[in-house]
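Participant: what shape does this take:
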Amino acid sequence: MGSSPDLRSKKELIEQFIQTLNAGTDVDRDWRIFADKSRADELEKIIEEENLKPEETRNFVANAFRDGQIKATGMAFAGILPPVSMFDADNARAKKKGAVLDKLRAFFDKYFGV
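Facilitator: Numbers count the residues shown, from 1 in each chain. Here you go, the predicted model:
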């Protein structure tokens with residue numbers, strides 16, 4: 001997994017799944033269930049931590065998986081962010097936008113193609 005660029009971001013997820021395996025595991029079915037639950041739980045955690053708009057964020061992420069990329073431009077991304085003053089002296093909006101974008105890109109890389 002470490003040598004494959006496609007699997008490197010998914011390593012932790014795969015290792016967590018391997019820990020759940022036993023003799024009665026239907027690997028294909030259980031992998032799908034495990035990956036879907038992990039994906040939903042992790043997205044909810046990001047939404048909560050970053051105080052994002054839940055429904056808009058879920059739609060944004062669904063569209064990103066459909067399109068094969070996270071689009072940081074346009075109203076869709078801006079629409080998931082919590083209200084932050086654009087005129088704040090310490091540029092809090094740009095910092096928040098960058099932090100959210102980093103988390104969503106890491107999330108996308110981890111779950112895209114799973």
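Participant: how far is the helix ranked longest in the chain from where the chain is centred?
Facilitator: Ranked by residue count and defined by DSSP state H, the top helix of the chain is helix 27-50. Its chain's C-alpha centre and that of helix 27-50 lie 9 Å apart, by CA atoms, centre = their mean, to the nearest Å.
Participant: quick one: buried residues of it?
Facilitator: Neighbour-count burial for helix 27-50, counted by 16 or more other CB atoms under 10 Å, picks out 31, 34-35, 38-39, 42-43, 46-47, 50. In this view, the C-beta of every residue, glycine as well, is placed from N, C-alpha and C.
Participant: now these in TSV, with distance to Met86 and pLDDT?
Facilitator: Below are the buried residues of helix 27-50 laid out as TSV (distance: CB to CB, whole Å; pLDDT from 0 to 100):
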residue	distance to Met86	pLDDT
Trp31	43	93
Phe34	41	95
Ala35	38	94
Ser38	35	96
Arg39	32	96
Glu42	29	96
Leu43	26	97
Ile46	23	97
Ile47	22	97
Glu50	18	95
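Participant: in JSON lines, list those along with distance to Arg8.
Facilitator: Shown next, in JSON lines, are the buried residues of helix 27-50 (distance: CB to CB, whole Å):
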{"residue": "Trp31", "distance to Arg8": "18"}
{"residue": "Phe34", "distance to Arg8": "19"}
{"residue": "Ala35", "distance to Arg8": "17"}
{"residue": "Ser38", "distance to Arg8": "17"}
{"residue": "Arg39", "distance to Arg8": "18"}
{"residue": "Glu42", "distance to Arg8": "17"}
{"residue": "Leu43", "distance to Arg8": "21"}
{"residue": "Ile46", "distance to Arg8": "20"}
{"residue": "Ile47", "distance to Arg8": "25"}
{"residue": "Glu50", "distance to Arg8": "24"}
